[in-house]
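In: pasting the sequence and the predicted model now:
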Amino acid sequence: MDKKDACVVTCFGDGGSSTGDFHSALNFAAVMVEPVIFFCRNNGWAISTPINDQFQGDGIVVRGRGYGIKSIRVDGNDALAIYNTVRTARQMAISEQRPILIESLTYRAGHHSTSSTSG
């Protein structure tokens, strides 16, 4: 990115963090030391699969740490906390030229799709 005052932001749900592409992206960004913000909206469900059926451990935030990526957890229901967290993460990603993972803990207000039975 030519060391410019910019970074990349990618957003995904907790279900996406169980894919190989997620892990490949974290590893690539960490190894290449790229200014990327990975923003995960963790609402506790991957379509109709609850997170306790997806993985063990302390959420998504620990996955970033496994790749040596600075990882932050934020209250996904607090708009100001999200704003401040993303702003800080952007400053770190740009000034340090490194990836950052943000896990936004929230809840699902309705079904994900017609195949979903969660509430």
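Out: Nice, thanks for sending it over.
In: any idea how far apart the tips of stretch 61-73 sit?
Out: 6 Å (Cα to Cα, to the nearest Å).
In: mind listing what's buried along that stretch?
Out: 61, 63, 64, 67, 69, 71, 72, 73 (16 or more other Cβ atoms under 10 Å). Bear in mind the C-beta positions are built from the backbone N, C-alpha and C, glycine included.
In: again, but for stretch 75-95
Out: For stretch 75-95, by 16+ other Cβ under 10 Å, it's 76, 82, 85, 86, 89, 90, 92, 93, 94.
In: could you check which helix or strand contains the spatially most central residue of the chain?
Out: For the chain, the residue nearest the mean C-alpha position is residue 40 (2.7 Å; Cα atoms, centre = their mean). Here residue 40 sits within strand 36-42, counting by DSSP states H and E.
In: report pLDDT for residue 118.
Out: With respect to pLDDT, residue 118 scores 51.
In: ok, so of the buried residues of stretch 75-95, who is nearest residue 103?
Out: residue 76 (8.4 Å; Cβ to Cβ).
In: that closest one: what's it in contact with?
Out: 41, 42, 43, 82, 104, 105, 106 (Cβ atoms under 8 Å, 6 or more residues apart in numbering).
In: just the buried residues of stretch 61-73: which are in helices?
Out: 61, 63, 64 (DSSP state H).
In: which one of those is nearest to residue 16?
Out: Using Cβ to Cβ, those come closest to residue 16 at residue 63, 11.4 Å.
In: picking up where we left off before, farthest pair in the buried residues of stretch 61-73?
Out: Of all pairs drawn from those, the widest gap by Cβ to Cβ lies between 67 and 73 and measures 16.1 Å.
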